[in-house]
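Trainee: The following comprises the amino acid sequence and a computationally predicted model.
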Amino acid sequence: MGKTKVKKMLFILSKATLENVYAAFVMANGARMEGIESEIFFTFFGLEAIQKKKLEHLHVATVGNPAMHMPTMLGGLPGVEALATKMMKREMEKLDMPPVGEFLEILSDSGCKLWGCKLAIDMFHLERKDLIEELDGILTIGDFYSRADEDGTHLLFI
Amino acid sequence: MDLTIAGIRLDVTEEGYLTDVSQWNEEIAKEIAQKEDIELTDKHWEVISWIQEQVKNEVALSIRGIKKSGVLNIKEFYALFPGGPLKKATKIAGVPKPKSCI
(Lines give C-alpha, C1' and ligand atoms only; values in the text may rest on other atoms or scores of the structure.)
Protein backbone atom coordinates (compact mmCIF):
# COMPACT_ATOMS: atom_id res chain seq x y z
CA MET A 1 0.00 0.00 0.00
CA GLY A 2 1.38 3.40 -0.96
CA LYS A 3 2.23 5.99 1.62
CA THR A 4 -0.46 8.65 1.90
CA LYS A 5 0.29 12.25 0.89
CA VAL A 6 -2.18 13.50 3.51
CA LYS A 7 -0.25 14.88 6.48
CA LYS A 8 -2.87 16.87 8.34
CA MET A 9 -6.69 16.91 8.36
CA LEU A 10 -8.54 20.01 9.57
CA PHE A 11 -12.27 19.54 10.13
CA ILE A 12 -14.87 22.27 10.58
CA LEU A 13 -17.91 20.79 12.30
CA SER A 14 -20.92 23.09 11.91
CA LYS A 15 -23.75 20.66 12.68
CA ALA A 16 -24.88 18.80 15.76
CA THR A 17 -26.83 15.90 14.30
CA LEU A 18 -25.40 12.62 15.49
CA GLU A 19 -24.51 11.43 12.00
CA ASN A 20 -22.46 14.56 11.27
CA VAL A 21 -20.72 14.61 14.64
CA TYR A 22 -19.72 10.95 14.32
CA ALA A 23 -18.56 11.50 10.74
CA ALA A 24 -16.15 14.17 11.97
CA PHE A 25 -15.03 12.13 14.98
CA VAL A 26 -14.45 8.89 13.08
CA MET A 27 -12.47 10.68 10.38
CA ALA A 28 -10.42 12.70 12.88
CA ASN A 29 -9.66 9.60 14.96
CA GLY A 30 -8.98 7.55 11.83
CA ALA A 31 -6.42 10.13 10.78
CA ARG A 32 -4.56 9.90 14.10
CA MET A 33 -4.59 6.10 13.88
CA GLU A 34 -2.82 6.38 10.52
CA GLY A 35 -0.22 8.77 11.86
CA ILE A 36 -1.92 11.80 10.27
CA GLU A 37 -2.40 14.95 12.34
CA SER A 38 -6.00 16.05 12.91
CA GLU A 39 -7.87 18.99 14.41
CA ILE A 40 -11.56 19.89 14.72
CA PHE A 41 -12.98 23.43 14.75
CA PHE A 42 -16.46 23.45 16.31
CA THR A 43 -18.68 26.22 15.00
CA PHE A 44 -22.38 27.14 15.03
CA PHE A 45 -24.46 24.08 15.90
CA GLY A 46 -21.33 21.98 16.00
CA LEU A 47 -20.70 23.64 19.37
CA GLU A 48 -23.42 21.43 20.86
CA ALA A 49 -20.97 18.53 20.62
CA ILE A 50 -18.55 20.24 23.04
CA GLN A 51 -21.10 21.67 25.48
CA LYS A 52 -20.99 19.62 28.68
CA LYS A 53 -24.76 19.75 29.15
CA LYS A 54 -25.71 18.93 25.57
CA LEU A 55 -23.16 16.54 24.15
CA GLU A 56 -24.82 13.34 25.36
CA HIS A 57 -28.21 14.46 24.04
CA LEU A 58 -27.54 14.82 20.33
CA HIS A 59 -30.06 13.38 17.87
CA VAL A 60 -30.14 11.99 14.37
CA ALA A 61 -32.20 14.09 11.95
CA THR A 62 -35.46 12.39 10.98
CA VAL A 63 -36.90 15.40 9.12
CA GLY A 64 -35.40 16.48 5.82
CA ASN A 65 -33.26 13.36 5.71
CA PRO A 66 -34.38 11.18 2.77
CA ALA A 67 -32.02 8.38 3.80
CA MET A 68 -34.19 7.73 6.86
CA HIS A 69 -36.81 6.37 4.43
CA MET A 70 -39.55 7.82 6.55
CA PRO A 71 -42.24 10.31 5.46
CA THR A 72 -41.27 13.83 6.54
CA MET A 73 -44.57 14.26 8.41
CA LEU A 74 -43.89 11.12 10.44
CA GLY A 75 -40.32 12.16 11.20
CA GLY A 76 -41.67 15.32 12.80
CA LEU A 77 -44.03 13.58 15.23
CA PRO A 78 -43.13 13.76 18.93
CA GLY A 79 -40.75 11.03 20.02
CA VAL A 80 -39.82 9.81 16.54
CA GLU A 81 -36.45 11.55 16.53
CA ALA A 82 -35.69 10.24 20.02
CA LEU A 83 -36.64 6.71 18.99
CA ALA A 84 -34.53 6.82 15.83
CA THR A 85 -31.63 8.17 17.89
CA LYS A 86 -31.98 5.40 20.45
CA MET A 87 -31.96 2.79 17.70
CA MET A 88 -28.92 4.28 16.05
CA LYS A 89 -27.03 4.54 19.33
CA ARG A 90 -27.76 0.88 19.98
CA GLU A 91 -26.28 -0.08 16.61
CA MET A 92 -23.26 2.09 17.31
CA GLU A 93 -22.71 0.45 20.67
CA LYS A 94 -22.74 -2.95 18.93
CA LEU A 95 -19.84 -1.74 16.79
CA ASP A 96 -18.07 -0.54 19.94
CA MET A 97 -18.43 3.10 18.92
CA PRO A 98 -17.95 5.27 21.99
CA PRO A 99 -20.56 7.80 23.14
CA VAL A 100 -19.83 11.46 22.29
CA GLY A 101 -18.16 12.35 25.61
CA GLU A 102 -15.87 9.33 25.61
CA PHE A 103 -15.07 9.85 21.93
CA LEU A 104 -13.93 13.42 22.71
CA GLU A 105 -11.63 12.06 25.44
CA ILE A 106 -10.20 9.51 23.02
CA LEU A 107 -9.62 12.20 20.39
CA SER A 108 -7.93 14.50 22.87
CA ASP A 109 -5.72 11.71 24.25
CA SER A 110 -4.83 10.73 20.69
CA GLY A 111 -3.45 14.19 20.03
CA CYS A 112 -6.37 15.53 17.97
CA LYS A 113 -6.67 19.25 18.70
CA LEU A 114 -10.17 20.52 19.56
CA TRP A 115 -11.01 24.20 19.00
CA GLY A 116 -14.10 26.33 19.63
CA CYS A 117 -15.12 29.05 17.17
CA LYS A 118 -14.94 32.46 18.84
CA LEU A 119 -17.69 34.07 16.79
CA ALA A 120 -20.19 31.27 17.37
CA ILE A 121 -19.34 31.03 21.09
CA ASP A 122 -20.02 34.77 21.45
CA MET A 123 -23.20 34.47 19.41
CA PHE A 124 -24.61 31.69 21.60
CA HIS A 125 -23.44 33.51 24.77
CA LEU A 126 -21.36 30.54 25.88
CA GLU A 127 -18.55 30.67 28.39
CA ARG A 128 -15.44 28.56 28.72
CA LYS A 129 -16.97 26.70 31.66
CA ASP A 130 -19.88 25.52 29.47
CA LEU A 131 -17.44 23.70 27.23
CA ILE A 132 -15.55 20.43 27.76
CA GLU A 133 -12.25 20.42 29.66
CA GLU A 134 -10.46 18.80 26.70
CA LEU A 135 -10.96 21.89 24.51
CA ASP A 136 -7.55 23.21 23.40
CA GLY A 137 -8.73 26.79 23.00
CA ILE A 138 -11.04 29.27 21.31
CA LEU A 139 -9.97 30.50 17.88
CA THR A 140 -11.09 32.80 15.10
CA ILE A 141 -11.41 31.25 11.66
CA GLY A 142 -8.20 33.08 10.73
CA ASP A 143 -6.36 31.38 13.60
CA PHE A 144 -7.72 28.06 12.40
CA TYR A 145 -6.50 28.64 8.83
CA SER A 146 -3.06 29.31 10.24
CA ARG A 147 -3.10 25.73 11.61
CA ALA A 148 -2.85 24.60 7.95
CA ASP A 149 0.88 25.12 8.14
CA GLU A 150 2.32 22.22 6.17
CA ASP A 151 2.11 20.60 2.76
CA GLY A 152 -0.46 17.84 2.61
CA THR A 153 -2.97 19.68 4.83
CA HIS A 154 -6.63 19.24 3.95
CA LEU A 155 -9.62 21.16 5.24
CA LEU A 156 -13.09 19.63 5.39
CA PHE A 157 -16.41 21.31 6.19
CA ILE A 158 -19.07 19.15 7.78
CA MET B 1 4.98 -12.35 -0.04
CA ASP B 2 8.12 -13.87 1.49
CA LEU B 3 10.37 -11.96 3.82
CA THR B 4 13.39 -13.03 5.84
CA ILE B 5 13.28 -11.63 9.35
CA ALA B 6 15.70 -12.61 12.09
CA GLY B 7 17.08 -15.30 9.80
CA ILE B 8 13.71 -16.97 9.33
CA ARG B 9 11.79 -17.04 6.07
CA LEU B 10 8.31 -15.74 6.76
CA ASP B 11 5.12 -15.35 4.80
CA VAL B 12 3.86 -11.77 5.21
CA THR B 13 1.15 -9.58 3.70
CA GLU B 14 2.00 -6.74 1.32
CA GLU B 15 2.12 -4.40 4.30
CA GLY B 16 4.47 -6.65 6.23
CA TYR B 17 2.05 -8.39 8.63
CA LEU B 18 2.80 -12.01 9.47
CA THR B 19 0.21 -14.34 7.95
CA ASP B 20 0.98 -17.13 10.41
CA VAL B 21 1.01 -15.98 14.04
CA SER B 22 2.67 -19.21 15.16
CA GLN B 23 5.85 -18.17 13.33
CA TRP B 24 6.24 -15.15 15.62
CA ASN B 25 9.00 -14.91 18.20
CA GLU B 26 10.69 -12.12 20.16
CA GLU B 27 13.59 -11.79 17.73
CA ILE B 28 11.15 -11.21 14.88
CA ALA B 29 9.33 -8.60 16.97
CA LYS B 30 12.57 -6.78 17.66
CA GLU B 31 13.50 -6.68 14.01
CA ILE B 32 10.08 -5.45 12.86
CA ALA B 33 10.16 -2.80 15.60
CA GLN B 34 13.60 -1.67 14.49
CA LYS B 35 12.29 -1.12 10.97
CA GLU B 36 9.58 1.08 12.48
CA ASP B 37 12.22 2.99 14.49
CA ILE B 38 10.94 1.59 17.76
CA GLU B 39 13.22 0.31 20.51
CA LEU B 40 11.23 -2.22 22.52
CA THR B 41 11.05 -1.59 26.28
CA ASP B 42 9.38 -3.66 29.01
CA LYS B 43 6.22 -1.60 28.52
CA HIS B 44 6.21 -2.42 24.80
CA TRP B 45 6.42 -6.14 25.59
CA GLU B 46 3.55 -5.83 28.03
CA VAL B 47 1.41 -4.20 25.33
CA ILE B 48 2.46 -6.79 22.75
CA SER B 49 1.43 -9.71 24.95
CA TRP B 50 -1.85 -7.98 25.80
CA ILE B 51 -2.57 -7.55 22.07
CA GLN B 52 -1.73 -11.20 21.37
CA GLU B 53 -4.01 -12.26 24.20
CA GLN B 54 -6.89 -10.19 22.76
CA VAL B 55 -6.43 -11.68 19.31
CA LYS B 56 -6.27 -15.18 20.77
CA ASN B 57 -9.57 -14.51 22.53
CA GLU B 58 -11.00 -13.13 19.28
CA VAL B 59 -11.58 -9.67 20.71
CA ALA B 60 -11.57 -7.00 17.97
CA LEU B 61 -8.83 -4.46 18.58
CA SER B 62 -9.71 -0.77 18.67
CA ILE B 63 -8.45 2.43 20.27
CA ARG B 64 -11.39 2.25 22.67
CA GLY B 65 -10.16 -1.18 23.72
CA ILE B 66 -6.78 0.33 24.56
CA LYS B 67 -8.52 2.90 26.78
CA LYS B 68 -10.26 0.08 28.65
CA SER B 69 -7.27 -2.30 28.66
CA GLY B 70 -5.91 -1.37 32.07
CA VAL B 71 -2.43 -1.94 30.59
CA LEU B 72 -1.85 1.61 29.36
CA ASN B 73 -3.77 4.71 28.38
CA ILE B 74 -4.16 6.17 24.90
CA LYS B 75 -1.52 8.89 25.39
CA GLU B 76 1.05 6.28 26.43
CA PHE B 77 0.05 4.10 23.49
CA TYR B 78 0.71 6.92 20.99
CA ALA B 79 4.01 7.67 22.75
CA LEU B 80 5.18 4.03 22.63
CA PHE B 81 4.22 3.45 18.99
CA PRO B 82 4.37 6.87 17.30
CA GLY B 83 2.54 7.38 14.00
CA GLY B 84 -0.26 4.82 13.69
CA PRO B 85 0.03 3.02 17.04
CA LEU B 86 -2.42 0.16 16.53
CA LYS B 87 -1.08 -0.62 13.07
CA LYS B 88 2.49 -0.70 14.30
CA ALA B 89 1.82 -2.54 17.53
CA THR B 90 -0.12 -5.31 15.78
CA LYS B 91 2.59 -5.70 13.14
CA ILE B 92 5.24 -6.09 15.85
CA ALA B 93 3.00 -8.50 17.77
CA GLY B 94 2.68 -10.67 14.67
CA VAL B 95 -1.13 -10.50 14.57
CA PRO B 96 -3.33 -9.44 11.63
CA LYS B 97 -3.86 -5.74 10.90
CA PRO B 98 -7.06 -4.60 12.69
CA LYS B 99 -10.02 -4.01 10.40
CA SER B 100 -11.86 -1.58 12.69
CA CYS B 101 -12.32 2.10 11.74
CA ILE B 102 -12.29 3.18 15.36
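Mentor: Yes, it's here.

Trainee: partners of the helix or strand of chain B with the lowest mean pLDDT, with directions?
Mentor: Least confident helix or strand, chain B: strand B:2-5 with a mean of 78, by mean pLDDT, DSSP states H and E. Paired neighbours of strand B:2-5 in the sheet (DSSP bridges): strand B:8-11 (antiparallel).

Trainee: Nearest residue to residue B:40 in space, please, no chain neighbours.
Mentor: Closest residue to residue B:40 apart from its sequence neighbours, by Cβ to Cβ, 6 or more residues apart in numbering or on different chains: residue B:33 at 5.1 Å. Any C-beta I mention is one placed from the backbone N, CA and C, and that applies to glycine too.

Trainee: related to what we said a few turns ago, next, the buried residues of the least confident helix or strand of chain B.
Mentor: By neighbour count on 16 or more other Cβ atoms under 10 Å in any protein chain shown, the buried set for strand B:2-5 is residue B:5.

Trainee: Please apply the same query to stretch B:66-85.
Mentor: B:66-67, B:69, B:72, B:74, B:77-78, B:80-81, B:84-85.

Trainee: Could you pick out the residues of chain B near chain A for me?
Mentor: Residues of chain B lying near chain A by Cβ under 8 Å from any Cβ of the partner chain: B:14-15, B:60, B:62-65, B:67, B:73-75, B:78, B:82-87, B:100-102.

Trainee: where's whichever residue of chain B sits closest to chain A, which helix or strand?
Mentor: Among the residues of chain B, residue B:83 lies nearest to chain A; the distance is 3.3 Å by Cβ to the nearest Cβ. If you go by DSSP states H and E, residue B:83 is not part of any helix or strand.

Trainee: who's in contact with the spatially closest residue to it that is not a sequence neighbour?
Mentor: Excluding its sequence neighbours, the residue lying closest to residue B:83 (Cβ to Cβ, 6+ apart) is residue A:35, at 3.3 Å. By Cβ atoms under 8 Å, 6 or more residues apart in numbering or on different chains, the contact set of residue A:35 is B:82-84, B:87.

Trainee: Turn those into CSV, including pLDDT.
Mentor: Converted to CSV, the contacts of residue A:35 look like this (pLDDT from 0 to 100):
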residue, pLDDT
B:82, 93
B:83, 88
B:84, 91
B:87, 94
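
Trainee: so which of those comes closest to residue A:87?
Mentor: The closest of those to residue A:87 turns out to be residue B:87 (Cβ to Cβ; 32.4 Å).

Trainee: Could you tell me how many residues sit around that closest one?
Mentor: 18 (other Cβ atoms under 10 Å in any protein chain shown).

Trainee: what's the distance between it and residue A:27?
Mentor: Noted for residue B:87: a distance of 17 Å to residue A:27, by Cβ to Cβ, to the nearest Å.
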